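A.B. asks: When you get a sec, could you give me coordinates for this:
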Amino acid sequence: IGDDPALALDAIREALVLPYAGLRVDGTVLASSGSEVTHTRILPLRLGEHEVGEFVLGLRAGDLGISGADADVLRLVAPLLAQTLRAQAMTRDLQQSREAVVTAVEEERRRLRRDLHDGLGPTLTGVAFATDAARNHVHSDPDRAVVLLESLRADTTGAITEIRRLVE
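C.D. replies: Model prediction:
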């Protein structure tokens with residue numbers, strides 16, 4: 001059967017000499033081969049208890065149903081087609097999941113960038129300026145230098161808390 005249901009439908013349709021074969025999921029044709037005809041038979045494609053799609057078979061001119069030999073072949077092929085449909089659905093789900101993960105990672109990066117720029121960046125800049133001011137006051141105004149150093153300690157503790165929050 002392979003990964004491409006269109007190729008599988010071509011092979012099945014040609015082997016059984018049918019005018020049309022198609023695969024539908026939720027009313028949407030996913031793949032088809034041949035030309036649609038008025039008279040069709042629909043075989044549900046199941047995996048366990050779950051219906052994963054439908055196998056639509058166009059009947060040959062003059063046929064009212066599917067022959068016993070054709071039914072035998074279809075019983076062998078139907079589970080393989082169901083597996084192919086399920087694999088395609090899982091591939092689509094995986095792709096959507098990957099896209100959601102990439103989007104979430106990008107959003108988190110933007111949030112971190114914003115938090116660093118708006119919160120931690122100004123705090124650390126203030127720490128650098130206050131350090132310079134304390135150094136300038138150490139000899140001329142030691143009391144002022146002590147006040148600046150206490151403020152630096154509080155700002156540094158706040159920055160450490162913010163970094164921990166961002167990391168978590």
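
A.B. asks: Please determine how far the residue of the chain most remote from its centre is located from A100.
C.D. replies: For the chain, the largest distance from the centre (C-alpha atoms, centre = their mean) belongs to S140, which lies 63.6 Å off. Note on S140: its distance to A100, by C-beta to C-beta, to the nearest Å, is 60 Å. Every C-beta, even on glycine, is put in place using the N, C-alpha and C of the backbone.

A.B. asks: go on, G27?
C.D. replies: Taking C-beta to C-beta as the measure, G27 falls 26 Å from A100.

A.B. asks: If you count contacts, what does the lengthiest helix in the chain end up packed against?
C.D. replies: Using DSSP state H, we find that the single longest helix of the chain is helix 68-115. Judged by 3 or more C-beta pairs under 8 Å, 6 or more residues apart in numbering; DSSP states H and E, helix 68-115 is in contact with helix 5-16, strand 20-25, strand 40-47, strand 50-58, helix 142-167.

A.B. asks: Same list, these, but as a markdown table with mean pLDDT and distance to L76 please.
C.D. replies: As requested, those are exported to a markdown table (pLDDT from 0 to 100; distance: least, C-beta to C-beta, whole Å):
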| stretch | mean pLDDT | distance to L76 |
| --- | --- | --- |
| helix 5-16 | 92 | 10 |
| strand 20-25 | 95 | 15 |
| strand 40-47 | 94 | 12 |
| strand 50-58 | 94 | 12 |
| helix 142-167 | 90 | 57 |
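
A.B. asks: Tell me which of those lies nearest to G119.
C.D. replies: For the helices and strands packed on helix 68-115, proximity to G119 was assessed by C-beta to C-beta; helix 142-167 is nearest, at 5.8 Å.

A.B. asks: Tell me which residues of the closest one come out buried.
C.D. replies: By neighbour count, with 16 or more other C-beta atoms under 10 Å as the criterion, the buried positions of helix 142-167 are 145, 148-149, 152, 155, 159, 162.

A.B. asks: Please apply the same query to stretch 23-34.
C.D. replies: Residues of stretch 23-34 classed as buried: 23-25, 30-34 (neighbour count, 16+ other C-beta under 10 Å).

A.B. asks: End to end on it, go ahead and measure it.
C.D. replies: End-to-end distance of stretch 23-34 (C-alpha to C-alpha, to the nearest Å): 12 Å.
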